[in-house]
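Peer 1: Prediction below, plus the sequence it came from.
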Protein chains: 2
Amino acid sequence: MHDKQSTKTKLTVADETVSQIRTLPAFEESFPSSQKVTQGELSVPFRTIELTGGEPPLTVYDTTGPQGCDPRQGIPKRRQPWIDARLKQSDGNVSQMHYARKGIITEEMRFVAIRENVEPEFVRSEIARGRAIIPANIRHPELEPMIIGRNFLVKINANIGNSAVSSSIEEEVEKLQWATRWGADTVMDLSTGNNIHATREWILRNSPVPIGTVPIYQALEKVRGKVEDLNMDIFLETLEEQAEQGVDYFTIHAGVLLRYIPYTAKRVTGIVSRGGSIMAKWCMHYHKENFLYTEFERICELMKRYDVSFSLGDGLRPGCIADANDEAQFGELRTLGELTKIAWKHDVQVMIEGPGHVPMHKIQENMDEQLKECHEAPFYTLGPLTTDIAPGYDHITSGIGAAMIGSMGCAMLCYVTPKEHLGLPNRDDVKTGVITYKIAAHAADLAKGHPGAQARDDALSKARFEFRWHDQFNLSLDPTTAREFHDETMPAAPAKTAHFCSMCGPHFCSMKLTQDVRDMAEGEDLVAEGMAQKAREFQEQGGKLYVDRDPSAAE
Amino acid sequence: MHDKQSTKTKLTVADETVSQIRTLPAFEESFPSSQKVTQGELSVPFRTIELTGGEPPLTVYDTTGPQGCDPRQGIPKRRQPWIDARLKQSDGNVSQMHYARKGIITEEMRFVAIRENVEPEFVRSEIARGRAIIPANIRHPELEPMIIGRNFLVKINANIGNSAVSSSIEEEVEKLQWATRWGADTVMDLSTGNNIHATREWILRNSPVPIGTVPIYQALEKVRGKVEDLNMDIFLETLEEQAEQGVDYFTIHAGVLLRYIPYTAKRVTGIVSRGGSIMAKWCMHYHKENFLYTEFERICELMKRYDVSFSLGDGLRPGCIADANDEAQFGELRTLGELTKIAWKHDVQVMIEGPGHVPMHKIQENMDEQLKECHEAPFYTLGPLTTDIAPGYDHITSGIGAAMIGSMGCAMLCYVTPKEHLGLPNRDDVKTGVITYKIAAHAADLAKGHPGAQARDDALSKARFEFRWHDQFNLSLDPTTAREFHDETMPAAPAKTAHFCSMCGPHFCSMKLTQDVRDMAEGEDLVAEGMAQKAREFQEQGGKLYVDRDPSAAE
């Protein structure tokens, strides 16, 4: 208990809100009637939701990872034997793309095939083609592999990261667990403060999902914030340090070229990417080309030794509606396409980062240009926000854009929390951001006609129609909130089996009335088929009842 | 004080949450640095947001109506002289469409022309054509006229309404004021309890926005909930009562035809519209056609005497993803198109209600079919929700669909609150629903390229880039929330003028770095134009710096 108390005194400024003081609720509390299960010899995780009313359980994708482990021990290293076996005959390139191109189906590929309910060969071919990636550093054996590509389920990323004032290891691990609890498929650690190395270590040793970073942040810390002191050696040293720890993908702003910077001069919000503005400042200081670009292949050489994936950063993404789809943005995108080919020459996996702030009518162009210029490498966008006028609600302004670009083929959506533009997210904000993005990703999966995606919608709607309230809650993305909202107006336990609810009451219950209608139809021997037949006869005999009469005679 | 206490004892079950006990914050508290202003001889309301940094004030559309009136007195009857003058020479049809078709530009049309910044003749022509409506009952003189049509700003509706246990007059008026405070363009009173007549009276006497109702609810109350006792006489008596009070539009489910009911039998969620299920039950009971359809012209005759607009109800709208765009739904839509022509024959204004629950890839078909079948009468949809799996977050699942269908031409979006499917919304839910839908409507206006819509985005983004924090808050849809979120992590007053913020700190501030880059560009005489020229020269001289070299030489 003493430990816990002392931990609390180390909370960051942002963490001093009430919501941060509680400890994480148990898995069972967040997901009543759910069980973690595994499938196959590779123990692929799923969650099974038990239902009532004679309905079969529903199995859903699960990102929550092993529960109840001591964070100081970390979670089990399930990939270690797979990695060790492969290293015995490695040629120095351990990337999934390298294996895929040699025709080898790795355990990671088989694992995601089960997770996504597709054939392992399809996974291999998509990775070989560069159309999907499995971010999976060989130094991150705790990983439960997942795949990012537009022919798979749409994924979401959550950002975490401490600020300059450090928080405890337990707290950082809790942030990770909280994000994956609600469905984050990958997590980016954007820490910039002290203990950055130790924090990252604890996150990695406890993470079942791929971890991404923006290494230029730590490189800049190493030169005490002096942009002009940055150079390739310091950058590579930082990459090596982070790759050794097990980071699965690096955001690298190698597309911020000297010649694009002038195009940002007339923008309303200039350069809004932190990494992008750092590299722009370096370029301007020396009036030289971005060293991440000129020495890009040195980075590739390093990354293939660990299988770290590129997340080619969009340092010149628009920061407002006015700046969307401009020359700076699309110029950089073309350069990212160029760099993609170079990375692929080394069999290094690549995804491409995208905006940002884009009005709805300009979203399709982003997807089209990305597919064309970047050779179908997976697209990974931040939102995009579809308007700038709602700070405090940017999970929603961006959730709209995220759902749309997801439906168009964007492979992963980086979440935005309600605190975007205003401050650091607390635990509630992280949850709201993740749930909003699960909605966007799932809506996109439905729109893409992803096989099986609609099963959960159908199960929940059936439960709703049949007044199986607990099933409705348990099938939802956030059972706790659904139940709490229901109980605000109808708290009694029996109400959860009542065949009406507080919204309309028994007289105005459409569900009950529908049942009455169906009963009447049964009674009159007008069951579905029979009535449809009658309706067809009616239409054949004359169609529109009303307009065939003289309208003036209607009174 | 005693009055207030006794009022609280009459709170509904739903109202017993803490959020309901407070009284409404003042207008100035919700919108700091804002002033209500009027334009022109018709005193058209706007809100002006004062800015710092030498920026001109920004003027925005305003739905808040007169402030500080005694609800027992109601708000001023601004339209009374306009109405009185016209009634002197009326031919018994007082609808805006009737005047428009006679070539008359009414005060209401001039009023909305100023509000929307278009020509009055354009307003008249759109109304004459049936492509827009001004819901404006002559018995609702308190109205500040507004227009619904796809060539105008996208509008939103908020639903209010007491439950069986009555709440006080003041509370009902407060719900109305709260919804219009945040931007509701129309409000539907869906009350079904006692005092339904008195409640409606007080809402109308205090409403600056059009009020809609679903009269079948009150008609059903009149026959004590016995659907089979409903008939046209009781329905018309109810319409007359509500029209006399000043209701501006009626939802009427005249398209639920006997022959469509069988198509709902195999649905996952049957009929989910309350009005739709009532009429379906009536049809099934008598095995007769819907009397609202067979005697539709009697309704038209009544409505044109008051200028009540039709909101032709979609009683067979889908209640889940599985049921979207089915035969029942589109069959009814065709019938609504038929009825539109009949209403137009009487010069009665019409809008068409739409779904509901629709996955993203089926939304465009809804808009296309509605335009085609209903002759371009304005479309008014509920969301649509783009997935069923997130009860508790259906403002978001539906905000995605609402923004999309708005961008495609839907004229008004009926809000959905976080409590949808779970219980009755409290005050916080109403605000969240309205703000979410303002986002959807505004994102749609941007996507449609509505003239002037982007001015607010640009002003806010400029304030953001220049660290004018208070301006950023005040320009947002919800200044209070934006400021509170900011102050959670950076509460000190001076921070609001600081040229960085808690999210990144000074070293990692992209805005500050961008300024550094611009300063350096100035110093080197490489201001925007000059640098762009250099960039062009560079590109002409060889283009891609990197790929023209031998990639293997890069190290």
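Peer 2: Noted; the coordinates are in hand.
Peer 1: can you pull the contacts of residue A:392?
Peer 2: A:418, A:422, B:476, B:478, B:481, B:482, B:485 (Cβ atoms under 8 Å, 6 or more residues apart in numbering or on different chains). No exception for glycine: its C-beta is placed from N, CA and C like everyone else's.
Peer 1: State whether it is indeed within a strand.
Peer 2: No - under the criterion used here (DSSP: H, G, I helix; E, B strand; the rest coil), residue A:392 is coil, not part of a strand.
Peer 1: from the contacts of residue A:392, which is closest to residue A:322?
Peer 2: residue B:476 (16.5 Å; Cβ to Cβ).
Peer 1: Mind pulling up the pLDDT for that closest one?
Peer 2: Reported pLDDT at residue B:476 in the predicted model: 98.
Peer 1: The host helix or strand of residue A:399 - contacts with which helices or strands?
Peer 2: Take DSSP states H and E as the rule and residue A:399 turns out to sit in helix A:394-408. Packing partners of helix A:394-408 (3 or more Cβ pairs under 8 Å, 6 or more residues apart in numbering or on different chains; DSSP states H and E): helix A:363-373, strand A:379-382, strand A:412-414, helix A:427-447, helix B:394-408, helix B:427-447.
Peer 1: rerun that using 6 Å as the cut-off
Peer 2: Counting contacts by 3 or more Cβ pairs under 6 Å, 6 or more residues apart in numbering or on different chains; DSSP states H and E, helix A:394-408 packs against helix A:363-373, helix A:427-447, helix B:394-408, helix B:427-447.
Peer 1: Highest mean neighbour count across these, which stretch is it?
Peer 2: Highest mean neighbour count of the helices and strands packed on helix A:394-408: helix B:394-408, a mean of 29 (counted as mean count of other Cβ atoms under 10 Å in any protein chain shown).
Peer 1: Residue A:47 is nearest to which of the helices and strands packed on helix A:394-408?
Peer 2: When those are compared by Cβ to Cβ, helix A:427-447 sits nearest residue A:47, at 13.2 Å.
Peer 1: mean confidence score for the closest one?
Peer 2: 97.
Peer 1: now swap in stretch A:252-270 and tell me
Peer 2: Rounded mean pLDDT across stretch A:252-270 is 95.
Peer 1: So what would you say the end-to-end distance of that stretch is?
Peer 2: 19 Å (Cα to Cα, to the nearest Å).
Peer 1: my guess is residue A:347 contacts residue A:96, does it?
Peer 2: No - shown here, residue A:347 and residue A:96 do not form a contact pair, counting by Cβ atoms under 6 Å, at 8.8 Å.
Peer 1: Need the pLDDT of residue A:188.
Peer 2: Note on residue A:188: pLDDT of 97.
Peer 1: ok, it - how many residues close by?
Peer 2: Residue A:188 has 23 neighbouring residues, counting by other Cβ atoms under 10 Å in any protein chain shown.
Peer 1: Show me what it is bridged to.
Peer 2: Applying DSSP bridges to residue A:188 gives these bridge partners: residue A:159, residue A:212.
Peer 1: What of residue A:351?
Peer 2: residue A:311.
Peer 1: just the CA coordinates of stretch A:211-227, formatted as PDB?
Peer 2: Extracted C-alpha coordinates of stretch A:211-227, given in PDB (Å, rounded to 0.1, in the frame of the first residue of the first chain):
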ATOM      1  CA  ILE A 211       4.600  -0.300 -30.400                       C
ATOM      2  CA  GLY A 212       5.500   2.700 -32.600                       C
ATOM      3  CA  THR A 213       7.700   5.600 -31.800                       C
ATOM      4  CA  VAL A 214       8.900   8.900 -33.400                       C
ATOM      5  CA  PRO A 215      12.700   8.500 -32.800                       C
ATOM      6  CA  ILE A 216      13.500  12.100 -33.700                       C
ATOM      7  CA  TYR A 217      12.000  13.100 -30.400                       C
ATOM      8  CA  GLN A 218      14.600  11.200 -28.400                       C
ATOM      9  CA  ALA A 219      17.400  12.200 -30.800                       C
ATOM     10  CA  LEU A 220      16.500  15.800 -30.200                       C
ATOM     11  CA  GLU A 221      16.600  15.200 -26.400                       C
ATOM     12  CA  LYS A 222      20.100  13.800 -26.900                       C
ATOM     13  CA  VAL A 223      21.200  17.100 -28.400                       C
ATOM     14  CA  ARG A 224      19.400  19.000 -25.700                       C
ATOM     15  CA  GLY A 225      16.800  20.400 -28.000                       C
ATOM     16  CA  LYS A 226      19.200  22.000 -30.400                       C
ATOM     17  CA  VAL A 227      17.900  21.100 -33.800                       C
END
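Peer 1: Pull the residues that contact that stretch.
Peer 2: Here stretch A:211-227 makes contact (Cβ atoms under 6 Å, 6 or more residues apart in numbering or on different chains) with A:187-189, A:192, A:196, A:204, A:229-230, A:234-235, A:238-239, A:242, A:247-251, A:275, A:278, A:281-282, A:311, B:507.
Peer 1: ditto for stretch A:511-522
Peer 2: Residues contacting stretch A:511-522 (Cβ under 6 Å, 6+ apart): A:465, A:500, B:270, B:271, B:277, B:280, B:281, B:284.
Peer 1: cool, and stretch A:245-253?
Peer 2: Stretch A:245-253 is contacted by residues A:135, A:137, A:139-140, A:200-201, A:204, A:210-215, A:275-276, A:279, A:292, A:308-309, A:311, A:313, A:315 when judged by Cβ under 6 Å, 6+ apart.
Peer 1: Cross the residues you listed against helices and list the overlap.
Peer 2: A:200, A:201, A:204, A:215, A:275, A:276, A:279, A:292 (DSSP state H).
Peer 1: most surrounded residue in the residues you listed?
Peer 2: Comparing the ones in helices among the contacts of stretch A:245-253 by number of neighbours (other Cβ under 10 Å), residue A:279 comes first, having 31 neighbours.
Peer 1: for the stretch 101-250 of chain A, what spans make up the strands?
Peer 2: For the stretch 101-250 of chain A, strands defined by DSSP state E, counting those that start in this stretch occupy the ranges A:132-133, A:148-149, A:155-160, A:186-189, A:211-213, A:249-252.
Peer 1: What pairs with the second one, parallel or antiparallel?
Peer 2: Spelled out, it's strand A:148-149. By DSSP bridges, strand A:148-149 pairs with strand A:132-133 (antiparallel).
Peer 1: Now the partner strand: average pLDDT?
Peer 2: Averaged over strand A:132-133, pLDDT sits at 98.
Peer 1: Check the offset of it from the chain's centre.
Peer 2: Distance of strand A:132-133 from its chain centroid, counting by Cα atoms, centre = their mean, to the nearest Å, is 14 Å.
Peer 1: now stretch A:284-297
Peer 2: Per Cα atoms, centre = their mean, the centroid offset for stretch A:284-297 relative to its chain is 31 Å.
Peer 1: before we move on, back to that, send me the helix holding residue A:399 as PDB with only the CA atoms.
Peer 2: Only the C-alpha atoms of helix A:394-408 are listed here, as PDB (Å, rounded to 0.1, in the frame of the first residue of the first chain):
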ATOM      1  CA  ASP A 394     -12.200  16.500 -32.200                       C
ATOM      2  CA  HIS A 395     -12.700  12.800 -31.700                       C
ATOM      3  CA  ILE A 396     -16.000  13.400 -33.500                       C
ATOM      4  CA  THR A 397     -14.800  15.800 -36.200                       C
ATOM      5  CA  SER A 398     -12.100  13.300 -37.000                       C
ATOM      6  CA  GLY A 399     -14.200  10.200 -36.400                       C
ATOM      7  CA  ILE A 400     -16.300  11.200 -39.400                       C
ATOM      8  CA  GLY A 401     -13.200  11.600 -41.600                       C
ATOM      9  CA  ALA A 402     -11.700   8.400 -40.300                       C
ATOM     10  CA  ALA A 403     -14.700   6.300 -41.000                       C
ATOM     11  CA  MET A 404     -14.800   7.700 -44.500                       C
ATOM     12  CA  ILE A 405     -11.200   7.200 -45.400                       C
ATOM     13  CA  GLY A 406     -11.300   3.700 -43.800                       C
ATOM     14  CA  SER A 407     -14.200   2.800 -46.100                       C
ATOM     15  CA  MET A 408     -12.100   4.000 -49.000                       C
END
